[in-house]
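A.B. asks: Structure here, sequence nowhere to be found:
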C-alpha cells in the first residue's frame with residue numbers, strides 16, 4: 001500500500017513490479033491497466049482503504065503493525081542476547097587464557113545481565129589458593145586489555161581505577177576499550 005501510494009502513477013500504469021506490470025507484459029495497454037488499478041478511497045463506515053482493486057481493513061493493518069513492531073522488538077532482543085553471550089564467551093576465554101579461574105564458585109565471576117551487559121565481580125573474601133584481590137584485579141584488567149576490552153562503571157575508568165573498584169567489592173561491566 002505504501003509503495004503504491006508513494007509511486008502511484010508508476011504503480012497504476014504498470015511501470016513498477018507486481019500484477020500491473022504482468023498485465024502490461026501480457027499485452028494490456030497502460031490506459032487499461034491504469035483504469036483497473038487507479039483510484040484511492042477511504043470508507044469510514046467500513047473502516048477500509050481501497051486502492052485500485054485492493055481493499056484493506058484498517059483494523060487489520062493496525063493489528064499487523066503491532067505484530068510487526070513486536071516481532072522487530074523480539075528479534076532485536078535475540079540479537080542483543082546473542083551479542084551478550086558472545087561477549088561473555090570472549091571475556092571467559094580471555095580470563096581462562098590468562099589462568100584466571102572464572103565461574104560461579106571462583107574468585108572472578110562473569111555473568112550476562114538482563115540489561116545486555118556482561119558483568120564482572122569478585123567473590124567476597126579470598127578463596128583458598130587464589131591470589132590476593134589486588135593482584136587478581138590487575139591480572140583481570142590486563143587479560144581483558146589483550147582482547148581490546150575494558151571495565152566500565154558509572155563513569156569512565158582508568159585500568160587502575162577498575163582494579164580498585166573490583167577489589168572494593170563492586171561489579172563492573174565489560175565493554176570494548178575506547179582507547180584500543
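C.D. replies: It's in. Being a predicted model, the structure only gives us computed values, none of them experimental.
A.B. asks: Show me what the helix ranked longest in the chain is packed against.
C.D. replies: With DSSP state H applied, the helix covering the greatest number of residues in the chain is identified as helix 58-97. Contacts defined by 3 or more C-beta pairs under 8 Å, 6 or more residues apart in numbering; DSSP states H and E place helix 58-97 against strand 48-51, strand 108-112, strand 118-122, helix 133-145, strand 149-152. Every C-beta, even on glycine, is put in place using the N, C-alpha and C of the backbone.
A.B. asks: so where's this structure shaky on pLDDT?
C.D. replies: For the chain, applying pLDDT under 70 flags the ranges 1, 125-131, 178-180.
A.B. asks: who wins for proximity to residue 160 among the helices and strands packed on helix 58-97?
C.D. replies: Nearest to residue 160, of all these, is helix 133-145, at 7.9 Å by C-beta to C-beta.
A.B. asks: Can you tell me what sits against the closest one?
C.D. replies: 91, 94-95, 97-98, 100, 107-108, 120, 122, 126, 130-131, 150-151, 159-160, 162-164, 166-167, 174, 177, 180 (C-beta atoms under 8 Å, 6 or more residues apart in numbering).
A.B. asks: do stretch 23-35 as well
C.D. replies: 12, 13, 14, 20, 36.
A.B. asks: Find the pair from those residues with maximum spatial separation.
C.D. replies: 13 and 36 (10.6 Å).
A.B. asks: And the most centrally placed residue in the chain, how far from residue 153?
C.D. replies: Residue closest to the mean C-alpha point of the chain, counted by C-alpha atoms, centre = their mean, is residue 76 at 3.8 Å. According to C-beta to C-beta, to the nearest Å, residue 76 and residue 153 sit 26 Å apart.
A.B. asks: Same question for residue 44.
C.D. replies: 56 Å.
A.B. asks: neighbour count winner among these two?
C.D. replies: residue 153 (14 against 7; other C-beta atoms under 10 Å).
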